[in-house]
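> model the structure of this input:
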Amino acid sequence: MDLTTNYLGLKLRSPLVVGASPLSENIDNLKRMEDAGASAIVLHSLFEEQLRQERLELHRNLEQGTESYAEALSYFPEAGEYRLGPEEYLRHIGRAKKTLAVPVIASLNGSSAGGWTEYAKQIQQAGADALELNIYHIPTDPDQSGADLEENYLNILRSVRTEVKIPVAVKLSPFFTNFANVAKRFDAAGANGLVLFNRFYQPDIDLEDLEVKPNILLSTPMAMRLPLRWIAILYGRLQGSLAATSGIHRAGDVLKMLMAGADVTMLCSAVIRHGFPQIALIESDLVQWLEEHDYESVKQIKGSLSQKNCAEPTAFERAQYMKALSTYHL
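From the prediction side, this is the model:
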């Protein structure tokens, strides 16, 4: 069975990619993912806040003692006296590249141009095969328009694109007035692919301590419906790749995403919940289904049920909503 696919210009042995998660912080875990069948791995994210903290820490150490006596004005601490967190991320990329045969995709997570461009360049130099820009921002300013917000996001991509030659994917949220238009603009601005979608973690309230607390929930298969719809709508309309993430737990989920038009499917919650062998199980079930239905490759099913190719294109639009309501009975 030919499971090969292309993503961001990279030829992968299968559409099963492990998405960004804390699991990738350990080199041994990366090797176990590869051994289980991962065709590429997205490393955990380097956060914008870490880059900001690095600059503050560097400034603090360089200024340390400069006011104590005149001779100290030229004093610089030894490099070993302070630890720059992001530097460890760059070393991690290097170690991953030496250990793995599959492509290593780095991830930058933030919401402003900031220090992204410089670190994008260093990530490329560290050996990453591609870069995923994970744009995670909750707009709370009532005076900021949607157009301004979208332009800020596009400027992040443009600034990174001018500094690196490796492929760049953009991981987006679905919360735009016209996502089809936003996707087209990112495609035109140089994104080699889009990752759909970013899952925003919603806060909760602790009724005993009376405080707001983070609430991290692993995805369920139901979460795949939103990226499924938009990948099906966008298939054939963009130049770049389409990656599906959120809610992919079984081979059936992978098959549906491929039929909608995804180039790859990203596994995260399924691996966290069931362990690395889940990757091999999904691949085995994927091959079995394709064989039973007389397919020879995943390319044969890609986009077969996208909006462009399905018998009822309105199935992805409002008409299907009315049909669903009219046929539902308690």
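> and L172, how many residues sit next to it?
Other residues within reach of L172, judged by other Cβ atoms under 10 Å, total 23. For the C-beta atoms, the positions are set from N, CA and C on the backbone; glycine is no exception.
> nope, A311 is what I was after
A311 has 6 neighbours, counted by other Cβ under 10 Å.
> do you know how far it is from S304?
Relative to S304, A311 is positioned 11 Å away (Cβ to Cβ, to the nearest Å).
> secondary structure class for the residue nearest to K121 when sequence neighbours are not counted?
Nearest non-adjacent residue to K121, counting by Cβ to Cβ, 6 or more residues apart in numbering: E163, 4.8 Å away. Secondary structure, DSSP: H, G, I helix; E, B strand; the rest coil: E163 is coil.
> please state the offset of stretch 298-317 from the chain centre?
Chain-centre distance of stretch 298-317: 24 Å, with Cα atoms, centre = their mean, to the nearest Å.
> in it, which residues are buried?
Residues V298, I301, K302, G303, L305, S306, Q307, N309, C310, F316 are the ones in stretch 298-317 that count as buried (16 or more other Cβ atoms under 10 Å).
> check contacts around W289.
Residues near W289 by Cβ atoms under 8 Å, 6 or more residues apart in numbering: A251, G252, L255.
> please disregard the earlier target; I meant S246.
Contacts of S246 (Cβ under 8 Å, 6+ apart): L196, F197, R199, S219, A223, M224, L226, P227.
> cool, V298 as well?
Counted by Cβ under 8 Å, 6+ apart, V298 has contacts D2, L3, T4, T5, S14, P15, L258, L286, L290.
> mind putting those into JSON lines with neighbour count?
Below are the contacts of V298 laid out as JSON lines (neighbours: other Cβ atoms under 10 Å):
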{"residue": "D2", "neighbour count": "13"}
{"residue": "L3", "neighbour count": "18"}
{"residue": "T4", "neighbour count": "14"}
{"residue": "T5", "neighbour count": "24"}
{"residue": "S14", "neighbour count": "24"}
{"residue": "P15", "neighbour count": "27"}
{"residue": "L258", "neighbour count": "26"}
{"residue": "L286", "neighbour count": "24"}
{"residue": "L290", "neighbour count": "21"}
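> what are the ranges of the strands in this structure?
5-7, 10-12, 16-18, 40-47, 104-110, 130-135, 168-172, 193-196, 204-206, 211-213, 241-245, 264-267 (DSSP state E).
> I'd like those strands laid out as CSV, including mean pLDDT and distance to A280.
What follows is the strands of the chain, written out as CSV (pLDDT from 0 to 100; distance: least, Cβ to Cβ, whole Å):
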stretch, mean pLDDT, distance to A280
strand 5-7, 98, 18
strand 10-12, 98, 16
strand 16-18, 98, 9
strand 40-47, 92, 15
strand 104-110, 91, 20
strand 130-135, 94, 24
strand 168-172, 96, 25
strand 193-196, 98, 23
strand 204-206, 87, 35
strand 211-213, 88, 36
strand 241-245, 97, 20
strand 264-267, 98, 11
